[in-house]
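Visitor: fold the following.
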Amino acid sequence: METTAPASGRTHLRIEPSILYFGTPVVLLSTLNEDRSPNLAPMSSAWALGYTLLLGLGRGGKTVENLRREGECVVNLPDATLWRHVERLAPLTGRDPVPEAKAHQFRFEPRKFEAAALTPDPSELVAAPRVRECPLQLEATVSAVRPIGPDGGSVAVEVEVVRVHAAPEVVVEGTNHVDPAAWTPLLYVFRHYVAARDPLGKTFRAEI
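Guide: A predicted model of the protein is given here:
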C-alpha cells in the first residue's frame, strides 16, 4: 500500500476497493414477470437528472429481462426504517434456474413481496406495482438499455419518470416539494446500510 503526499501536505493511501459504492441511494425496483406476477429487486446504482433516471444493473438478472420485455417499472425509494426488509431481498433472485455465477450466494424466490414482508399497491400509469411502505414511488417507462463495463456484464437502463407518489409526511404541506427534514433516505455505503440524517444547509437553488 502506497501513500501520496501532495503539496498541501495531506496524506492519502492508494487503495483498490472491491466496489465503489461510496454512498448511493437504495432502490427497490418493481417489474412484472412474463406470467404477470411481480418481481422486486434491491439495487444501489441509481441517479437522477430531472425526471430521467439511470439505473445500473447486472445484465443476467430477472429484472433486466423484465425491463426489456415490459418497458416499464416502478422505482421505489425506501427510507432508513426499511433496511431490514431490503436485506431480506438481497440474497434472492427471480431467475430460475439461478445463474451459475450467483448459485453460491443466491436462491430462487418467486414471491419477493411476501419474502420481504412488503405490500404491493397498484400503479396508475404502469402495470408494475408500487411498494406501499416506501415513502417515494416513481412510476417510469424504459427509454434505453445499454451495455456498460469492460466486459458488458452490466447494463445502464435509462427510464423516464411519468408519475411521482409521495407519502404525506415527507411533503411540505401545500406544495410539490419533498421536505429534506422529513425524508431520511436509505443509503448503501461500501455494502453497509446508512441513514442519511442531520441536515447541514441548502444550496442557493433550493426552493424551500
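
Visitor: next up, the contacts around the residue lying closest to K62 once chain neighbours are set aside.
Guide: The spatially closest residue to K62, leaving aside those adjacent along the chain, is G94, at 3.6 Å (CB to CB, 6 or more residues apart in numbering). Just so you know, the C-beta spots here come from the backbone N, C-alpha and C atoms, and that holds for glycine as well. For G94, the contacting residues are N33, N39, A41, G61, K62, T63, F108, E109, P110, K112, by CB atoms under 8 Å, 6 or more residues apart in numbering.

Visitor: so V194 is in which element?
Guide: strand 192-195 (DSSP states H and E).

Visitor: re the thing from before, looking at the contacts of G94, which is nearest E70?
Guide: Taking CB to CB as the measure, E70 sits nearest to N33 out of those, at 9.0 Å.

Visitor: hang on, the closest one packs against L67?
Guide: No - applying CB atoms under 8 Å as the test, N33 and L67 come out as separate, 11.6 Å apart.

Visitor: okay, the two: which has more neighbours?
Guide: L67 (24 against 17; other CB atoms under 10 Å).

Visitor: looking at this, that one is in a helix?
Guide: Yes - assessed with DSSP: H, G, I helix; E, B strand; the rest coil, L67 lies in a helix.

Visitor: please list all residues in contact with it.
Guide: T31, L57, C73, V142, V145, V157.

Visitor: would you double-check that the second one falls in a strand?
Guide: Yes - when the secondary structure is assigned by three-state DSSP, L57 falls within a strand.
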